[in-house]
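K.L.:
sequence and predicted structure are below.
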Amino acid sequence: AADKINLIPQDFFAELCEQIIQHLNHKIPGVNTAELCERIQTSGIEINVGDLAKITNIVSFLFSTAARNNLSTEELVTTLGNAVSTLPKHAVQVIRHVWNEQGKSISMSEDEQNTTTVGQFVDLKWKLGVAMSSDTCRSLKYPYVAVTLTVADPSGQITEKSFEMTIPQFKNFFRQFKEMAAVLETV
């Protein structure tokens, strides 16, 4: 990962670190690595979204571990120097700066330290469509609902999941949401 971090310009790496801190502070649902990767690639740097996601996970782990152990900026930098000799100098400088400015704002409660988190819902988009025909059937006129869920996983990586449902499947899906809403009304 260190060789990939070396490819990322300092300003983009700083933005990534700041987004990770915001995610750990629950100010944003996650880090949109696909969007950041696209911007890095537009600037002429060759990096893929998978590598950027790995870097995001590593830096997120680094910051959350430092917060859990209440490390000062100097302790974090010293630990980095001892553990990771191949980390680029500009990356260590960015980590030092971001941690010094915003690291103490990360609050790790006992529950957060001792539990595994699950993903967080970010957005839901849907559309109603009708399949008119196919190569094997001239006249389908088959309605469906297409859904795209945007979710941030525990490390902050934002992903989209898309799926289609038949009308009976959608009615079942809707019924289950109504049941959840009814249960929430009793809380």
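P.N.:
Okay, I see it.
K.L.:
could you list everything the spatially most central residue of the chain pairs with in the sheet?
P.N.:
Computing the C-alpha centroid of the chain and ranking residues by CA atoms, centre = their mean puts Q157 first, at 1.8 Å. With DSSP bridges applied, the residues forming beta bridges to Q157 are V31.
K.L.:
gap between L124 and V77?
P.N.:
In this structure, L124 lies at 42 Å from V77, with CB to CB, to the nearest Å as the measure. Backbone N, C-alpha and C define where each C-beta goes, glycine included.
K.L.:
show me what contacts the residue nearest to the centre of the chain?
P.N.:
With contact set as CB atoms under 8 Å, 6 or more residues apart in numbering, Q157 has these partners: 30-31, 33, 53, 56-57.
K.L.:
from these, which single one is nearest V183?
P.N.:
G30 (26.9 Å; CB to CB).
K.L.:
burial check on the closest one, number of neighbours?
P.N.:
24 (other CB atoms under 10 Å).
K.L.:
then D135?
P.N.:
Neighbours of D135 (other CB under 10 Å): 5.
K.L.:
re earlier: between the contacts of Q157, which is nearest E179?
P.N.:
Looking at those and their distance to E179, the nearest is G30, at 28.1 Å (CB to CB).
K.L.:
could you tell me the per-residue confidence at the closest one?
P.N.:
Model confidence at G30, expressed as pLDDT, equals 84.
K.L.:
run through the protein and note the low-pLDDT ranges.
P.N.:
Counting by pLDDT under 70, the chain contains low-confidence ranges at 1, 82-85, 107-118, 154-156.
K.L.:
domain ranges for it?
P.N.:
Domain assignment of the chain by the TED database yields the ranges 1-105, 120-185.
K.L.:
hang on, the earlier thing: okay, L124 and V77: which has more neighbours?
P.N.:
Between L124 and V77, counting by other CB under 10 Å, V77 is the more crowded of the two (17 against 10).
K.L.:
any idea how far V98 is from that one?
P.N.:
When V77 is compared with V98 (using CB to CB), they lie 12 Å apart.
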